[in-house]
Structure formats: C-alpha cells, structure tokens
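K.L.:
Pasting a predicted model and its sequence here:
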Amino acid sequence: MNNETYAIKITPMSNFEINNFPNIYFNEVYSLSKFLNNNFIQKLICSFHDYDNLYLVTKFYDGGIGGNLGHIWNETQIQFLSACLIQIFKSLRKEKLIHRDIHYWNLMLDEKRYIILIDFHMAIQYDNKNDSKENSIVSPSFCAPEIINGLSYDYNSDYYRLGVMIYRNLLGQYPNVIRDKNNLTDVSINYDISKNFSYPCIDFINKLMISDKKNRIGFSNIDELKNHDFFKNFNWNELNSWKMKSPFKRKKRKKRNLCKIFKNITKRIFLNNKFYKNKTFRNIFLTYNKINKNMIDKIYVSLKYKKLNREK
C-alpha cells in the first residue's frame with residue numbers, strides 16, 4: 001500500500017441498468033485506467049462494486065488550485081499551470097479523450113505541488129474531427145462556444161477552458177456570461193492593462209479563447225501550445241522529471257472524502273456476489289477494470305486499520 005493516503009468515491013448503483021453500459025461512472029474507471037503511470041492524472045488504485053454501490057479508490061490529494069484563487073496569479077504560476085495542462089492535454093489526445101470538465105476544482109496539487117487532473121466521469125472518446133459528439137454542458141462558465149451553441153467539438157474545447165481559468169483569475173470575471181448562446185463573441189485581454197505580464201503570456205491566453213475552434217491554438221496540432229513563444233525558455237525536461245519547483249502553495253483540505261464506510265465491502269465485493277456468475281454482466285464489468293481481489297483486500301485492511309487507530 002506504500003505510505004500514500006487513499007480516497008474512495010462511492011456512487012449508488014440504484015439507477016444502473018445492466019443493459020445501459022457504459023454508464024458515466026464506469027466510464028470514469030475506464031478513462032482513469034488508461035493513465036495508471038501518468039504523474040499528471042489522478043492515480044487509480046482499483047474499483048469494484050457490491051449490490052448497492054460502485055467504489056472508485058484513488059490516491060488522495062489534499063490541496064487544490066481552488067485554494068490559490070485568493071490572489072492574481074503571476075506569470076510564473078500561469079506558465080507552470082499551463083505547462084502541466086499541456087502535458088495532460090497531450091496524454092488525453094493520445095488516448096483520444098476529451099475531459100469536458102476542466103476547471104479550478106478538478107485540478108489538484110500533489111505532494112510536490114504539481115497539477116493533477118481528476119474527475120473523469122464526463123470524459124468522452126473522440127476519433128475524428130468530422131464526427132459530431134453529444135453535447136454536455138458541464139460548468140457552463142468554462143465551456144467553449146461551440147459546446148454552448150450545440151455544435152461539434154474536438155480536443156481544443158478543453159484548451160479553451162484553460163484560457164477561461166486564467167482570464168477569470170486575472171480579471172475577476174468570466175469571458176462570456178451565458179445568457180444568450182447566439183451572442184457569444186471573441187474575448188481577449190487588452191495588452192495595455194496587463195503591464196505585469198509579457199506580450200507572449202497575454203498572446204497565449206488570447207489564442208486559447210478564440211471562439212472559432214478552427215482558429216484556436218492547438219486545433220491543427222497540440223504542439224502549437226508547447227511551441228508558443230510563452231514557453232520559449234521553458235525547461236520541459238525539468239518539468240517532466242519532476243525537478244522543477246512549483247510556484248503554487250498547497251492549501252490543505254479536510255479529509256472528509258476519505259472512506260468512512262467499511263462494513264460489507266469485503267463481504268459483498270463484486271468477485272463474491274451473485275452478479276459475478278452472470279457471464280454478460282461479468283464480461284461487461286471486467287472490460288472496464290482489471291480488478292484485483294488482493295488489492296481490494298489490502299485497501300480494505302489499511303483503511304480499517306486507520307479507522308481503528310483514530311477511534312482509540
């Protein structure tokens with residue numbers, strides 16, 4: 001189990017139907033399982049379910065970008081945040097995934113205060129720029145115009161969300177107030193009022209928020225983001241080797257999300273209940289997760305041990 005702390009997300013199974021897969025919660029397991037060795041994405045330990053709930057066990061991160069919203073970010077912080085997100089975008093694109101819900105509260109800080117992306121329940125598979133994808137407006141203040149307008153979208157709808165986060169932090173408002181979806185316009189930061197920031201920094205932000213997705217930076221090739229002048233002297237090798245010092249401070253969260261429900265987990269885990277005898281159900285579920293009973297037992301014992309120690 002190492003010395004890491006683990007969190008468990010518990011989702012009721014009451015609305016799940018065996019003939020209605022993939023469900024968005026199983027989709028989260030499926031998506032995270034693609035990034036087991038990726039340091040920029042939430043670490044999945046395992047997942048399992050009993051009759052009542054789906055359990056998603058992940059590494060626990062006790063600090064988030066949301067705790068750094070009390071002040072305007074400096075250029076070093078914007079560059080570091082953007083660089084981490086670019087590495088995340090590259091990983092998502094490699095696996096043909098669009099996250100669709102990138103915003104402050106889904107970006108955590110690990111023990112070295114590097115940016116970690118969590119919450120993949122709205123992620124969607126994407127294969128072709130000509131394919132129209134189902135529109136799901138999540139956190140509308142961060143949504144790209146094409147999603148708000150019900151148009152087809154691709155990977156760089158996630159890039160737009162990065163621009164919105166920085167814009168909101170610097171100016172204290174969202175670039176578009178979603179009242180009339182037919183009245184969404186290009187937004188940009190005026191270079192004259194941004195004296196504390198370089199031209200490449202502001203230019204990078206503005207290119208992220210171009211309303212026409214085909215003209216937005218990264219549409220043709222994600223390396224357009226990495227090759228922008230804003231990162232001209234940035235040391236990508238130092239970032240990827242985890243040697244770069246993070247400019248963010250970590251504001252610790254209460255560990256209220258840690259698992260406090262232990263009873264029945266080992267007695268009714270998926271491998272031991274009657275659903276496992278259902279060949280169709282078993283094949284569907286195991287497609288979404290390489291479940292390991294020994295790992296589940298270890299996690300249960302560890303969490304139970306911590307709980308008993310707290311109660312002494």
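P.N.:
Cool, the structure landed.
K.L.:
C-terminal to the host helix or strand of Cys201, what's the next element?
P.N.:
Take DSSP states H and E as the rule and Cys201 turns out to sit in helix 199-208. Heading C-terminal from helix 199-208, the first helix or strand you meet, by DSSP H and E, is helix 223-226.
K.L.:
what's next to that following helix, contact-wise?
P.N.:
Counting by C-beta atoms under 8 Å, 6 or more residues apart in numbering, helix 223-226 makes contact with Ser82, Ile86, Phe89, Tyr159, Phe204, Ile217, Gly218, Trp236, all of which sit outside it. The C-beta positions use only the backbone N, C-alpha and C, and glycine is treated the same way.
K.L.:
of those residues, buried ones?
P.N.:
In the contacts of helix 223-226, burial by neighbour count holds for Ser82, Ile86, Phe89, Tyr159, Phe204, Ile217, Gly218, counting by 16 or more other C-beta atoms under 10 Å.
K.L.:
farthest pair in those?
P.N.:
Of all pairs drawn from those, the one with the largest separation by C-beta to C-beta is Phe89 and Phe204; the distance is 13.7 Å.
K.L.:
picking that back up, over the helix holding Cys201, what's the mean pLDDT, rounded is fine.
P.N.:
For helix 199-208, mean pLDDT rounds to 94.
K.L.:
so where's the stretch 51-200 of the chain uncertain?
P.N.:
51-53, 128-136, 176-186, 193 (pLDDT under 70).
K.L.:
which residues of it fall in helices?
P.N.:
Chain-ordered helices for the stretch 51-200 of the chain, with DSSP state H, counting those that start in this stretch as the definition, fall at 75-94, 145-148, 156-171, 199-208.
K.L.:
With Ser47 as the reference, name the closest of those.
P.N.:
Closest approach to Ser47 among those (C-beta to C-beta): helix 75-94, 19.9 Å.
K.L.:
Who are the packing partners of the closest one?
P.N.:
Of the remaining helices and strands, those touching helix 75-94 by 3 or more C-beta pairs under 8 Å, 6 or more residues apart in numbering; DSSP states H and E are strand 115-117, helix 156-171, helix 199-208, helix 223-226, helix 236-240.
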